[in-house]
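J.: just the structure for this:
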Amino acid sequence: MKIAAAQTIPKDGNIDSNLLDHKRLAELAADNGVQLVVFPEMSLTGYLMELANENSFTENDTRLEILQQISSKRNIIIIAGAPVKIECKLYIGSFILFPDRSISIYTKQFLHTGEEKFFSPSFDYNPVIELEGERITLAICADITNPIHPANAHKNKSTLYIPSIFYTPNGIAEAYEQLSTYSKSYSMNVLMANYGGESNGLPSAGKSVFWDTTGKMITAIEGTGEGLILLSKEKENWTGRTIMTSIH
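T.: Predicted structure coming up:
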């Protein structure tokens, strides 16, 4: 089994360019045999709260077709972040594109302070992904700050916890501490994807990372920049490496 996290640098509001970046990195992941690749929070738009409504995606947005084609042709699950409008409400979401052309949506459950002015939280869209014996639960950014979220993932018998985040240098140490603790406490592998550069005038810490079920860090991107974390599992053992496509 092979999975990956893409550390990207979205161009704020430039969805066409961001889609091409997703396409390029998803194809690079597929070239390395990856079966699932995850992108950061709102990776398709950048972290734009005030402009999220006008940049929002719909449930079956045709702009996702460029990624859906890669998913189908290369047999890879692609998880991409965007504001998503469902029944007149705006959520921070992750689109899950499957090779059979089906689409699922995860929505952020616990909002960061200030996000409630623009977005609604929701527990209604919380799919579990099954892949080669792994049960995968997604999270988006502030979800990881509420211990209820990983506890619920554990109750659902999840073996792999995948947060898509946008964390600044000021917050990344705390995120690392929380996620490594969750991995050990709940015996869940944890794969985290962060931005590799600034968005909406805020710096990103980068440092996308993977921990195994013992809380051991297997591999991480050292800082910012664009690249992939590639993870391989043989039996129960994980190994990892990184590919940097640009230094920031």
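
J.: spatially central residue for the protein, please.
T.: With distances taken as C-alpha atoms, centre = their mean, Ser164 lies nearest the centre of the chain, 3.1 Å away.

J.: Gly81 is in contact with that one, correct?
T.: Yes - distance between Ser164 and Gly81: 5.2 Å, which falls inside the contact criterion (C-beta atoms under 8 Å). Quick note: C-beta positions are derived from backbone N, CA and C, even for glycine.

J.: next one, pLDDT for the residue nearest to the centre of the chain please.
T.: Looking at Ser164, its pLDDT is 98.

J.: who is it paired with across the strands?
T.: With DSSP bridges applied, Ser164 shows beta-bridge pairing to Ile140, Ala193.

J.: what's the overlap in contacts for Ser164 and Gly81?
T.: Shared between the contact lists of Ser164 and Gly81 (criterion: C-beta atoms under 8 Å, 6 or more residues apart in numbering) are residues Phe39, Pro40, Glu41, Ser43, Ser94, Ile140.

J.: the fourth one touches His22, doesn't it?
T.: Yes - using C-beta under 8 Å, Ser43 makes contact with His22 at a distance of 7.0 Å.

J.: the two - which one has more neighbours?
T.: Higher neighbour count among Ser43 and His22: Ser43, with 30 against 24, using other C-beta atoms under 10 Å.

J.: ok, for Ala151, nearest residue in space, not its chain neighbours?
T.: For Ala151, the nearest residue in space outside its immediate sequence neighbours is Tyr186; the separation is 7.5 Å by C-beta to C-beta, 6 or more residues apart in numbering.

J.: contacts only, for the one you found.
T.: Tyr186 makes contact with Pro150, Ala151, Ala153, His154, Tyr161 under the criterion C-beta under 8 Å, 6+ apart.

J.: show me those residues that map onto strands.
T.: In strands, defined here by DSSP state E, the members of these are Tyr161.

J.: can you name the two of the contacts of Tyr186 that sit furthest apart?
T.: For the contacts of Tyr186, with distances taken as C-beta to C-beta, the pair at the greatest spread is Ala151 and Tyr161 (10.9 Å).

J.: higher neighbour count, the two?
T.: Neighbours were counted for Ala151 and for Tyr161 using other C-beta under 10 Å; Tyr161 has more, 26 against 13.
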